[in-house]
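A.B. asks: Structure for the following, please:
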Amino acid sequence: MSVYQLTIGDIECAVLQEGAAFMDRDSVIARYPNADPAEVAAALGGNEPSGSLNLLYVNSGGTRILADVGFGETGPPGMGGVLRGLASLGIAPADIDIVYLTHFHGDHIAGLCNADGSLAYPNARYVTMQAEWDEWMARWQAASDDQNLERFRGLRDRFSFVAAGDEVAPGVTVVDLVGHTQGHSGLLVEADGKWLLHVVDLLHQAFQFDHLDWHFGFDSDGALAVETRRRTLQRCADEELLTLFYHLDFPGLGKVEKDGEIFAWKPIN
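C.D. replies: As a prediction, the model looks like this:
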């Protein structure tokens, strides 16, 4: 369990590591379908693939927000760090007011329920993009994924839908990151002239800063994901934003820099 606390102006934040599910090299190499596997292997070099799951917690004026829920109690070995991290901060799951779901891939939503089927965050309301809900209702229906269909339909009355630019809480606004999924989104935290941009799954491995055009195997729209990646990284560099990535090495925080046409990742110390 790892926790990294920080403040953005007067807004309290923390990065909570759900786990460090490091993947083997072959699995990583296979996840970029429009790239030559030899080039992916060369880009990875001798480095260990990134595999951390870095979740954002925000307390804005007493409204407690958790962006995604990781795997929770039912995840693979080594997961469940978010629940332990919240406990270390003196926060019970029942204290969470808003669960913001950036998208519906399993490593972001599986922790909605405990092992016994009860809600992990029983007092929270759930917020996401309408396009994300629509995409996954259709995909789960086509795949006869009754477990997810029943779970989310049962929670429908707790959901509200937002659009880019909407404020979730004071100083916390929605950012469109479409491409990885049809409703992939992040959060911008802003207070007192300080900013933190949570870009979630904009990319998954550090070598993608040098290979922005490589699609990720789980992208709903690879070409659109590339376009969004370029535009968002440019914004991060231009505005010198503190940036958070869900899957880069914990805590996934740093700055995006650009030299000519080349982006570079500068993680915090």
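
A.B. asks: who touches the residue nearest to residue 10 when sequence neighbours are not counted in this structure?
C.D. replies: Using C-beta to C-beta, 6 or more residues apart in numbering and skipping the chain neighbours, the partner closest in space to residue 10 is residue 191 (5.5 Å). For every residue, glycine as well, the C-beta is placed using N, CA and C. Residue 191 is in contact with 8, 9, 10, 11, 171, counting by C-beta atoms under 8 Å, 6 or more residues apart in numbering.

A.B. asks: at 10 Å instead, please
C.D. replies: 7, 8, 9, 10, 11, 13, 60, 61, 170, 171, 172 (C-beta atoms under 10 Å, 6 or more residues apart in numbering).

A.B. asks: most neighbours, which of these?
C.D. replies: Neighbour counts for the contacts of residue 191, by other C-beta atoms under 10 Å, peak at residue 172, which reaches 27 neighbours.

A.B. asks: Which strands border the host helix or strand of residue 18, and is each parallel or antiparallel?
C.D. replies: Secondary structure assignment for residue 18, by DSSP states H and E: strand 11-20. In the sheet, strand 11-20 lines up against strand 2-8 (antiparallel), strand 52-60 (antiparallel) (DSSP bridges).

A.B. asks: elements contacting the next helix or strand along the chain from that strand?
C.D. replies: Next along the chain after strand 11-20, taking DSSP H and E as the criterion, comes helix 25-29. Other elements packing on helix 25-29 under the criterion 3 or more C-beta pairs under 10 Å, 6 or more residues apart in numbering; DSSP states H and E are helix 37-44.

A.B. asks: Can you give the contact residues for the helix it packs on?
C.D. replies: Helix 37-44 is contacted from outside by 25-26, 28-32, 35-36, 50, 205-211, 214, using C-beta under 10 Å, 6+ apart.

A.B. asks: Put the buried members of those residues into a ChimeraX selection.
C.D. replies: In ChimeraX, this line selects whichever of the contacts of helix 37-44 come out buried by 16 or more other C-beta atoms under 10 Å:
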select :28,29,31,32,35,50,205,206,207,208,209,214
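
A.B. asks: Residues touching stretch 148-155, excluding its own?
C.D. replies: 99, 101, 104, 106, 109-110, 112-113, 117, 119, 125-126, 133, 136-137, 139-141, 143, 145, 158-159.

A.B. asks: ok, 7 Å please
C.D. replies: 113, 126, 140, 141 (C-beta atoms under 7 Å, 6 or more residues apart in numbering).

A.B. asks: Per-residue pLDDT of the second one, please?
C.D. replies: Pointing back at residue 126 there. With respect to pLDDT, residue 126 scores 98.

A.B. asks: in the helix or strand hosting it, what counts as buried?
C.D. replies: Per DSSP H and E, residue 126 falls inside strand 125-129. Using 16+ other C-beta under 10 Å as the test for burial, strand 125-129 gives 126, 127, 128, 129.
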